[in-house]
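Chemist: Sequence first, then the predicted structure, then my questions.
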Amino acid sequence: MTRDVVIELRGVDTVFSGHYVHRKLDLSIERGQIVGLLGGSGSGKTTLLREMLGLLKPTAGYVRLFDVDLNDPDGLVQRAIRRRLGMLFQHGALFSALSVFDNIAFPLRELRCLDEDWIRHLVHLKLAMVELAPAHGLLMPAELSGGMVKRVALARALALEPELLLLDEPTAGLDPDRSQNFVELVGSLQQALGLTVVMVTHDLNTLAGLASHVAVLAEGHIIAHGPKAEVMTVDHPFVTGFFGADRKKLL
């Protein structure tokens, strides 16, 4: 490929019980971009994220990450690819029976090549990256505020030092101040680590503060994809309705 493409989807069909969620969907995302994935309720945004993760296989077409087809039958190849990405689920998806420390340590322990001293060092490093102290590692998920859950989940997503970060509604459930702080944190980490980021969001402030590009999912495929200023000019009912009178805040 001539461009440095991190994610490539071509001809993707996704069918559930005879119903097409995606039909002939194409999308390419280049290294270093922060792409906001938009679409109406039920348009298949989260399903698309699951296909990028390899948790769901399209009915037709292919998904490639780092120029590797996720249908590659080689288990070692698949495992190596998955180490290069991290996922932040909408509600954090922390293991409720594990402490904050053990939640972040979980993917590190799965590597089976690090001793506990190194794991402790790395967990504390990840906590610091999301502006939490080592003492927070002693807490259980039930003891965390909504904002702290997001930060711990982000630390876990970054545990293996991924190149690609997928976010599903990263600021959902946060008040405006905490939402803004979290957006600024993700933005600073993206710059510092050189991450490629794909996020599903319906929040204009999150989109304005974080995304460099926008991809709009409607009618089963990507109807617009490009820099925010370009996408906002697309003449489509969803685009017009979503941005409405708030277009200026995104520029």
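Modeler: Nice, thanks for sending it over.

Chemist: Report the contact partners of the residue positioned nearest the centre of the chain.
Modeler: For the chain, the residue nearest the mean C-alpha position is L166 (1.4 Å; Cα atoms, centre = their mean). Applying Cβ atoms under 8 Å, 6 or more residues apart in numbering to L166 gives the contacts 49, 52-53, 85-88, 197-199. C-beta coordinates here come from the backbone N, C-alpha and C atoms, glycine included.

Chemist: Tell me where the model's unsure across the protein.
Modeler: Confidence mapping of the chain against pLDDT under 70 gives the ranges 1-3, 245-251.

Chemist: for it, what's the longest helix?
Modeler: helix 176-193 (DSSP state H).

Chemist: Determine the set of other helices and strands touching it.
Modeler: Applying 3 or more Cβ pairs under 8 Å, 6 or more residues apart in numbering; DSSP states H and E, one finds that helix 176-193 contacts helix 146-157, helix 204-210.

Chemist: Convert the C-alpha atoms of stretch 77-86 to CSV, please.
Modeler: What follows is stretch 77-86, C-alpha atoms only, in CSV (Å, rounded to 0.1, in the frame of the first residue of the first chain):
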residue,chain,number,x,y,z
VAL,A,77,-0.1,-13.8,13.5
GLN,A,78,-3.5,-12.9,15.0
ARG,A,79,-2.1,-12.7,18.5
ALA,A,80,0.7,-10.4,17.4
ILE,A,81,-1.8,-8.1,15.7
ARG,A,82,-4.0,-7.9,18.8
ARG,A,83,-1.1,-6.8,20.9
ARG,A,84,-0.8,-3.8,18.7
LEU,A,85,-4.3,-2.4,19.6
GLY,A,86,-6.2,-1.4,22.7
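
Chemist: Can you tell me what sits against it?
Modeler: Contacts to stretch 77-86, defined as Cβ under 8 Å, 6+ apart, come from residues 53-54, 65-66, 68, 70, 72, 156-160, 162-166.

Chemist: Let's see that with 10 Å instead.
Modeler: Identification of contacts with stretch 77-86 by Cβ atoms under 10 Å, 6 or more residues apart in numbering yields 6-7, 52-55, 64-72, 74, 107, 110-111, 153-167, 195-198.

Chemist: next one: the host helix or strand of L165 to chain centre, how far?
Modeler: Element membership for L165, per DSSP states H and E: strand 164-168. Distance of strand 164-168 from the chain centroid (Cα atoms, centre = their mean, to the nearest Å) equals 1 Å.

Chemist: now do stretch 29-45
Modeler: For stretch 29-45, the separation from the chain centroid amounts to 9 Å (computed by Cα atoms, centre = their mean).

Chemist: JSON lines please, covering the contacts of L166 and showing distance to M148 and secondary structure.
Modeler: Output for the contacts of L166, formatted as JSON lines (distance: Cβ to Cβ, whole Å; DSSP: H, G, I helix; E, B strand; the rest coil):
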{"residue": "L49", "distance to M148": "23", "secondary structure": "helix"}
{"residue": "M52", "distance to M148": "27", "secondary structure": "helix"}
{"residue": "L53", "distance to M148": "24", "secondary structure": "helix"}
{"residue": "L85", "distance to M148": "23", "secondary structure": "strand"}
{"residue": "G86", "distance to M148": "18", "secondary structure": "strand"}
{"residue": "M87", "distance to M148": "18", "secondary structure": "strand"}
{"residue": "L88", "distance to M148": "14", "secondary structure": "strand"}
{"residue": "V197", "distance to M148": "21", "secondary structure": "strand"}
{"residue": "V198", "distance to M148": "24", "secondary structure": "strand"}
{"residue": "M199", "distance to M148": "20", "secondary structure": "strand"}
